[in-house]
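Chemist: Build me a model:
(2 chains)
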2 protein chains.
Amino acid sequence: MIDKLVEKIKKTKAPIEVGLDPMLSYVPEHIKEKAYKDFGETLEGAAEAIWQFNKAIVDATYDLIPAVKPQIAMYEQFGIPGLMAFKKTVDYCHSKDLIVIGDIKRGDIGSTSGAYATGHLGKVMVGSKSYYGFDEDFVTINPYMGTDSVQPFIDVAVPEKKGMFILTKTSNPSSGEFQDQLVNGRPLYELVAEKVVQWGEQHMGTCGYSYVGAVVGATYPEMGAVLRKLMPKTYILVPGYGAQGAKGSDLVNYFNEDGLGAIVNSSRGIIAAYKQEKYAKFGPENFADASRQAVIDMREDIGSAIG
Amino acid sequence: MIDKLVEKIKKTKAPIEVGLDPMLSYVPEHIKEKAYKDFGETLEGAAEAIWQFNKAIVDATYDLIPAVKPQIAMYEQFGIPGLMAFKKTVDYCHSKDLIVIGDIKRGDIGSTSGAYATGHLGKVMVGSKSYYGFDEDFVTINPYMGTDSVQPFIDVAVPEKKGMFILTKTSNPSSGEFQDQLVNGRPLYELVAEKVVQWGEQHMGTCGYSYVGAVVGATYPEMGAVLRKLMPKTYILVPGYGAQGAKGSDLVNYFNEDGLGAIVNSSRGIIAAYKQEKYAKFGPENFADASRQAVIDMREDIGSAIG
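Modeler: This is a model prediction of the structure:
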């Protein structure tokens, strides 16, 4: 799947993933009205609204991008109906041949991490049968509990040819509280990066990159440069572009000289593009066209920065 | 809810939570057979089996214990039907007046952490209506991303009078890879503990303990003693008793002199008690009675240790 990701990035010339993180406040009124008319102002109504919103954005952008990253929290807040919309979104993206990165930030120990890995990347046995639970292609993982929390994901991912991105240096303002603390003179996130490299050696793609990637926020470009060098064969998932403040020129540090090695996420900047002044001309009715234009502009911004 | 937890611990004299972490391999054959007969060897069949298993254990133990801790990974591995069994379990435990600690180990940034908090502790708005998603009383949180990841949970928990336990020093063998790293001569988990205290000051119960607790594994009793002193008003959730190797005598360090301040989890040791030689006499048909006896024995073991 890392090979497919690299291949699709080369083909689309877009090292971009669309963050499908639908807040109800992003969903245009006409979509909410129809969903509430059909299902009421219920969890089912909310789930229908975000699913229709996602579907329109995927339809308008799938030919331009290699991957999407649905953020499961945005679905989980609507309980079971929300998670059904998550699963529907994953399946629909697969039908459009998109790679799906489940932004789940899970992590636990031993058999418990194994259960998350099974549910999101693998198949669970029920008697003599087996089933995919959510069936993403990649997931994000929180490494605080160490190798015990990551290894079960690798064990499930290897036979499935799927992958993961490990939180290393996150994009948020308080990420430094623990991640930047110096351990023998070096920040903790560098120790995590070294582990990411070790974990990744167990599961390499034929493209030269590992199935075990890292999350490094675009908001810390100097740290990005250090981490890029520490993890030469690691794909970096880069959040923080756009709404969180980072620009194309901040991203140079995250790519290797082959022009590969990073995939940049934008969520709000794309899915709620129609709310920006720049794309206001599209209007709420044509929100998905605004998202398409935002993807094109982002591709251009990053392309001109990384040359 | 921390007040209710303390009150129930005093009343039951059992600082114990039963970890409802059902693996299919724990579920007796007769329960699985019936579930598969009714629903087939499907995700729905698996979900029915773990729900019936949980229900029997809750029925057999609810009068002895203050709280349960369902581990959501064990349900999530069965996809949507599994999560429906999780929700059913939460609701059933509430109907038995048990406090429910959702072991979800979530954590993200800003509005995303807010979405998790809303889904698990709070109510989500849909138009003019609001709904609980999963409605646990406490959740567990991974702090790697710092205050940005924890504050949204506190913001939701305060009006709901609900709480949380922050991973501080976990019970697993590799927990030291990052958590034990020395920062200015002190292990990282102590820094996390200091933050737990700060976070907790925002949300104190009338009982003298905070709604913001910490997870500290029973497998590291010396570290437990240090952390107990660093966080005098913090309730400590202690995993690792029983199947992971810790005994009642290892737990003394986790309690305050008032006999309070800690709640000890046991999962496999209770829910799969009938598989141990000690409880084999009950047989698979009476697995829930074996669980009841295991709770009584655990209460005795801890009670005699903490005096």
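
Chemist: What are the buried residues along the helix or strand encompassing A:Ile154?
Modeler: Per DSSP states H and E: A:Ile154 is located in helix A:147-160. By 16 or more other Cβ atoms under 10 Å in any protein chain shown, the buried positions in helix A:147-160 come out as A:147-157, A:160. From N, CA and C alone the C-beta is placed, and that goes for glycine too.

Chemist: Need the mean per-residue confidence for that helix.
Modeler: Summarised as a single mean, pLDDT over helix A:147-160 is 98.

Chemist: now it, how far from the chain's geometric center?
Modeler: Taking Cα atoms, centre = their mean, to the nearest Å, one finds the center of helix A:147-160 at 18 Å from the center of the full chain.

Chemist: same thing with stretch A:109-124?
Modeler: Centroid separation for stretch A:109-124 versus its chain: 19 Å, with Cα atoms, centre = their mean.

Chemist: pull the CA atoms of it into PDB?
Modeler: Extracted in PDB, the C-alpha atoms of stretch A:109-124 (Å, rounded to 0.1, in the frame of the first residue of the first chain):
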ATOM      1  CA  ILE A 109      -0.800  -2.700  24.900                       C
ATOM      2  CA  GLY A 110      -0.400  -6.200  23.600                       C
ATOM      3  CA  SER A 111      -3.700  -7.900  22.700                       C
ATOM      4  CA  THR A 112      -5.600  -4.700  23.100                       C
ATOM      5  CA  SER A 113      -3.500  -2.900  20.500                       C
ATOM      6  CA  GLY A 114      -3.900  -6.100  18.500                       C
ATOM      7  CA  ALA A 115      -7.700  -5.600  18.700                       C
ATOM      8  CA  TYR A 116      -7.500  -2.100  17.300                       C
ATOM      9  CA  ALA A 117      -5.100  -3.300  14.600                       C
ATOM     10  CA  THR A 118      -7.500  -6.100  13.700                       C
ATOM     11  CA  GLY A 119     -10.500  -3.700  13.700                       C
ATOM     12  CA  HIS A 120      -8.900  -1.100  11.500                       C
ATOM     13  CA  LEU A 121      -6.400  -2.800   9.300                       C
ATOM     14  CA  GLY A 122      -7.100  -6.500   9.500                       C
ATOM     15  CA  LYS A 123      -9.800  -9.200   9.700                       C
ATOM     16  CA  VAL A 124     -11.300 -10.600  12.800                       C
END
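
Chemist: For that stretch, buried residues please.
Modeler: Using 16+ other Cβ under 10 Å as the test for burial, stretch A:109-124 gives A:109-124.

Chemist: quick revisit: just put the buried residues of helix A:147-160 in JSON lines and tack on distance to A:Arg292.
Modeler: Below are these laid out as JSON lines (distance: Cβ to Cβ, whole Å):
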{"residue": "A:Thr147", "distance to A:Arg292": "42"}
{"residue": "A:Asp148", "distance to A:Arg292": "43"}
{"residue": "A:Ser149", "distance to A:Arg292": "38"}
{"residue": "A:Val150", "distance to A:Arg292": "36"}
{"residue": "A:Gln151", "distance to A:Arg292": "40"}
{"residue": "A:Pro152", "distance to A:Arg292": "39"}
{"residue": "A:Phe153", "distance to A:Arg292": "33"}
{"residue": "A:Ile154", "distance to A:Arg292": "36"}
{"residue": "A:Asp155", "distance to A:Arg292": "39"}
{"residue": "A:Val156", "distance to A:Arg292": "35"}
{"residue": "A:Ala157", "distance to A:Arg292": "32"}
{"residue": "A:Glu160", "distance to A:Arg292": "32"}
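
Chemist: Would you map the strands across the stretch 101-250 of chain A?
Modeler: A:123-126, A:129-132, A:138-141, A:163-169, A:182-183, A:186-187, A:212-216, A:236-238 (DSSP state E, counting those that start in this stretch).

Chemist: now for those strands, which one comes closest to A:Ile101?
Modeler: Comparing the strands of the stretch 101-250 of chain A by their distance to A:Ile101 (Cβ to Cβ), the top pick is strand A:138-141, with 4.3 Å.

Chemist: Residues contacting the closest one, please?
Modeler: Applying Cβ atoms under 8 Å, 6 or more residues apart in numbering or on different chains, the external contacts of strand A:138-141 come out as A:1, A:5, A:99-107, A:116-117, A:120-121, A:149-150, A:153, A:162-167, A:213, A:215, A:237.

Chemist: sorry, back to before: contacts made by the helix holding A:Ile154 with the rest, please.
Modeler: A:107-111, A:113-114, A:116-118, A:121-122, A:139, A:141-143, A:162-164, A:166, A:195, A:199, A:202-203, A:211-212, B:172-175, B:177.

Chemist: tilt between it and strand A:163-169?
Modeler: Angle, helix A:147-160 to strand A:163-169, by axes from the mean of the first three to the mean of the last three Cα atoms, to 10 degrees: 150 degrees.

Chemist: any idea which helix or strand comes after the helix or strand hosting A:Gly269?
Modeler: Per DSSP H and E, A:Gly269 falls inside helix A:268-271. Using DSSP H and E, the helix or strand that directly follows helix A:268-271 along the chain is helix A:287-306.

Chemist: For that following helix, buried residues please.
Modeler: Under the neighbour-count criterion of 16+ other Cβ under 10 Å, helix A:287-306 has A:287-295, A:297-299, A:301-302, A:306 buried.

Chemist: by contact count, what packs against that helix?
Modeler: Under the contact definition 3 or more Cβ pairs under 8 Å, 6 or more residues apart in numbering or on different chains; DSSP states H and E, helix A:287-306 sits against strand A:16-18, helix A:43-61, strand A:262-266, helix A:268-271.

Chemist: can you count the residues close to A:Leu227?
Modeler: A:Leu227 is flanked by 24 other residues according to other Cβ atoms under 10 Å in any protein chain shown.
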